[in-house]
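S.K.: Next come a sequence and a model predicted from it.
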Amino acid sequence: MKEKTSLDLFDFSEYPKEFKKYLKNYGFHFNKTACDYAVKGLKKENPATKKLEPIEPWNKDQVDDLLKRFNITLEDNEMYDYVWVCNMCRSDYWKSSIADEQHLALIVKDMVDDKDQRDGFIFNRWVNDRLFNGCPIDWDELV
């Protein structure tokens, strides 16, 4: 298991109080509510219409089943991080660089168990991607 990222390392003085409350409760990880919220925003281009459309999200049980079918055990997962990763990969890479469910399961493991990443990098990526793209996060909804 990765060493936990201490919140003391960061200056959160200018961040919303709800964000700080979220971090105090869950650290840099997805709880179920945050994961559902984040996955709701995922879109994939429909090849027929060339329009972005919401993906059909997979829940925790579906992702657990995927990993079980391919005998994959996650070593460094925290809470719902792996569920987010699976859905994000389905949105961004499915049927492009990820050809099938076995490779989807493998990329989930590779990302979650990435040894040269700090604890919380998956959640941090989502937060920063949202901010970079000008998409606010309703932290009240996630706490």
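M.R.: Structure received.
S.K.: which stretches of the chain form helices?
M.R.: For the chain, applying DSSP state H gives helices covering 17-26, 32-40, 60-69, 81-92, 101-112, 121-132, 139-142.
S.K.: From the contact counts, what lies against the shortest one?
M.R.: When contacts are defined as 3 or more CB pairs under 8 Å, 6 or more residues apart in numbering; DSSP states H and E, helix 139-142 sits against helix 17-26, helix 32-40. C-betas here are computed from N, CA, C, even on glycine.
S.K.: Can you tell me what sits against that helix?
M.R.: Identification of contacts with helix 139-142 by CB atoms under 8 Å, 6 or more residues apart in numbering yields P16, E18, F19, K21, Y22, N31, T33, A34, Y37.
S.K.: Distance from that helix to the middle of the chain?
M.R.: For helix 139-142, the separation from the chain centroid amounts to 16 Å (computed by CA atoms, centre = their mean, to the nearest Å).
S.K.: Show me what counts as buried in that helix.
M.R.: W139, L142 (16 or more other CB atoms under 10 Å).
S.K.: any idea of the mean pLDDT in it?
M.R.: For helix 139-142, the per-residue pLDDT values average out at 90.
S.K.: residues in contact with stretch 56-67?
M.R.: So stretch 56-67 is contacted by 32, 36, 39-40, 42, 73-74, 80, 82-83, 86-87, 90, 101, 104-105, 108-109 (CB under 8 Å, 6+ apart).
S.K.: Is there a quick PyMOL command that grabs whichever of those residues are buried?
M.R.: Of the contacts of stretch 56-67, the buried ones can be selected in PyMOL as follows, counting by 16+ other CB under 10 Å:
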select buried, resi 36+39+42+80+82+83+86+87+90+104+105+108+109
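S.K.: What's the separation between D92 and Q102?
M.R.: 18 Å (CB to CB, to the nearest Å).
S.K.: Which pLDDT value does the model give P136?
M.R.: On the pLDDT scale, P136 gets 89.
S.K.: Just want the most central residue of the chain.
M.R.: Nearest to the mean C-alpha position of the chain, counting by CA atoms, centre = their mean, stands W84 at 3.1 Å.
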